[in-house]
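> Show me how the following folds:
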Amino acid sequence: MQLTRLLVPTFLQTLKNLSAWLDKAAAHDSSRNADALMTLRLAPDMYPLAAQVRFVCFQAQEPVYRLRAMALPPALLNVRGEGAKSNEQPGTFADAKARLAEAIALLSGLSDDALDVGADLQIALDLPNGIVFDMTGEQYARDWSLPQFYFHAVTAYAILRNHGVPLGKPDYVSHMFAYMRPGTMPQK
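Got it, this is the predicted structure:
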């Protein structure tokens, strides 16, 4: 399995979409301070938008290190920590956009095969709550990394949508327009 070709384009397109969703949310209600967006949530016992953005960024960058048998750098661990503390310290709209830009820059700078060496690597995934998962790099990418990434991306989308931001399927899969056959766009 070519993990780089699977993960990096997938992460990049969704990170870019999420950045656009935030811009659309800020423009949608310009009377509201954009920083207030970071406190929005779906349910009282769920993390707010600020956490979802940070967790998406963490989940996109974590494989860059794990699949190359490298320790997670303190700056990346800080992103995860910011997410976990976002109930008390949601941060700003600018912070969220900066985290997205950092993740996009890291992924954009990878070589075409940077993560492929990790497919058969044995990975011990230690979660902050004490659970440890043992798996190969391929299992990690398929069964942990992608589902976790999409969980937080979809939750961010749902939070914004739930709070009136006019997002739709085209916002979620905007990367698909590159594949659209000319002349097939439905006319209103």
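> Give me the residue at the spatial middle of the chain.
Centroid-nearest residue in the chain, with CA atoms, centre = their mean: Val56, separated by 2.5 Å.
> Now do the contacts for it.
By CB atoms under 8 Å, 6 or more residues apart in numbering, Val56 lies in contact with 14-15, 18, 100, 103, 149, 152-153, 156. C-beta coordinates here come from the backbone N, C-alpha and C atoms, glycine included.
> Asn78: which of those is nearest?
Asn78 lies nearest to Ala103 out of these, by CB to CB, at 13.1 Å.
> circling back to that earlier point, got TSV for the contacts of Val56, with secondary structure too?
TSV is the format used below for the contacts of Val56 (DSSP: H, G, I helix; E, B strand; the rest coil):
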residue	secondary structure
Thr14	helix
Leu15	helix
Leu18	helix
Leu100	helix
Ala103	helix
Phe149	helix
His152	helix
Ala153	helix
Ala156	helix
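> can you list those in TSV and add distance to Leu7, pLDDT and neighbour count?
Below are the contacts of Val56 laid out as TSV (distance: CB to CB, whole Å; pLDDT from 0 to 100; neighbours: other CB atoms under 10 Å):
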residue	distance to Leu7	pLDDT	neighbour count
Thr14	11	97	23
Leu15	12	98	25
Leu18	16	97	27
Leu100	17	98	21
Ala103	12	98	26
Phe149	9	98	23
His152	15	98	24
Ala153	14	98	23
Ala156	19	97	27
